[in-house]
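>>> Sequence unavailable; structure follows:
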């Protein structure tokens, strides 16, 4: 069965499948478009949530998924539109056959022009067929290109974090090997990009191809190009596919630019303004957070108008907070950082050790963070908790018994070590109105 492709019977089967592939194309496109439109809200939500929570791995995965969805939607919608036009053209040909220019009785000038420019109706149908087939194939090839870029960036990041920035490794390994690998990957990425944009220029020149060959082999593994190289070279040896692939590039650029457009209603006001003395952003009030796309912006209180005898202050957890805690209390920093992707399998002694350090961790957090209402500093005792939306963070309650009715400003500050000096840095300012119930 593995060698069937060499037999005439297999080639006849391929020919038959090619002639009937349009049905499968439409079926796959229809299901894919429906699934993509259904998935986009969830993927966009996870992208915003990962960005808000500073979860780099989840952010990268969500970003790649978002880009891939939009590329597929654009290409598959274009494919369905052209394939529908192709089906309509086939139906019309069944009814009226080819174009009879003489029956139109146009002047010789227009008749000659139309015969030259428009040509045969069969040629038009064939051109549509070519467009549909190439667009459908390139739709999925572009996803591999997105993954190739992502894996290249991840490789650079892993080398920087696991080798160059790793203080536990000997200098010859972290700097000698790490920097050498980084230079190779960066220059290799540059040469691979040039070869890609020039449609294989580096492979055509004898001496350049000798230099480029090891880079080609390494990046074939990094970018997983060994999975889709047959598709790529099949495009490159076909002038029509090559031209169409290049023609689609401006459309992708326009789509990327279109996603950044927004309508500004004012020179001074906007929907994404950060809360401060004169701005109240909904992302800082738990009761105003949208169920679908509302996320806490660093700090949140329970409501914009408070009638309770307390203000609930919730600080959203991020890896930056933990890094800052380690700077103030280096004893808490573990020998091996367990953050990131890890197995959920743990052992009891490890949990007991972690629990014994959690109290010191929380004490350091309370030493770093402070809460003020207006100009008065309040005693705060943060504990580890989750918000109403399930976000992990730190929570405390501040009394309002000394507040007068009206507008107030809650300030959350933290200590920061910069260039050896400890400074007090503002994290968030949230306005609220207090009225005694």
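Sure, I can see it. This one's a predicted model, so the numbers in the text were calculated from it and none came from an experiment. Numbers count the residues shown, from 1 in each chain.
>>> Check which element follows the helix or strand encompassing residue 76 along the chain.
Assigned by DSSP states H and E, residue 76 belongs to helix 56-96. Next along the chain after helix 56-96, taking DSSP H and E as the criterion, comes helix 101-104.
>>> Give the next helix or strand downstream of that next one.
Following helix 101-104 toward the C-terminus (DSSP H and E): helix 108-117.
>>> could you point out which element follows that next one?
helix 121-159.
>>> Against which helices or strands is that following helix packed?
helix 8-52, helix 56-96, helix 178-197, helix 206-222, helix 229-236, helix 239-258 (3 or more C-beta pairs under 8 Å, 6 or more residues apart in numbering; DSSP states H and E). C-beta: built from backbone N, CA, C; applies to glycine.
>>> Grab the nearest non-local neighbour of the residue positioned nearest the centre of the chain.
Most central in the chain under C-alpha atoms, centre = their mean is residue 63, positioned 0.7 Å from the mean C-alpha point. Leaving aside its sequence neighbours, residue 63 sits nearest to residue 47 (C-beta to C-beta, 6 or more residues apart in numbering; 6.1 Å).
>>> Same check on residue 120?
Closest residue in space to residue 120, ignoring its immediate chain neighbours: residue 98 at 6.0 Å, by C-beta to C-beta, 6+ apart.
>>> In stretch 374-392, which residues have enough neighbours to count as buried?
For stretch 374-392, a neighbour-count test (16 or more other C-beta atoms under 10 Å) marks 378, 380, 382, 387, 391 as buried.
>>> can you check stretch 91-101 too?
For stretch 91-101, using 16+ other C-beta under 10 Å, the buried residues are residue 99.
>>> got the contact list for that stretch?
Stretch 91-101 is contacted from outside by 111, 114, 115, 118, 120, 121, 122, 125, using C-beta atoms under 8 Å, 6 or more residues apart in numbering.
>>> what does stretch 128-142 give?
21-22, 25, 29, 71-72, 75-76, 78-79, 82-83, 85-86, 89, 228, 231-232, 235, 240-241, 244-245, 248.
>>> can you list the domains in this protein?
As given by automatic domain parsing, the domain ranges for the chain are 18-165+228-258, 282-336+347-434.
>>> Confirm that residue 394 sits in a strand.
Yes - counting by DSSP: H, G, I helix; E, B strand; the rest coil, residue 394 is found in a strand.
>>> Which strand residues bridge it?
As for beta bridges, residue 394 partners with residue 315, residue 384 under DSSP bridges.
>>> Secondary structure of residue 295: a strand, I assume?
No - under three-state DSSP, residue 295 falls outside any strand and is assigned coil.
>>> contacting residues around the helix or strand of the chain with the lowest mean pLDDT?
Sorting the helices and strands of the chain by mean pLDDT, DSSP states H and E puts helix 239-258 at the bottom, at a mean of 72. Outside helix 239-258, the residues that touch it by C-beta under 8 Å, 6+ apart are 70-71, 74-75, 130-131, 134-135, 138, 199, 234-236.
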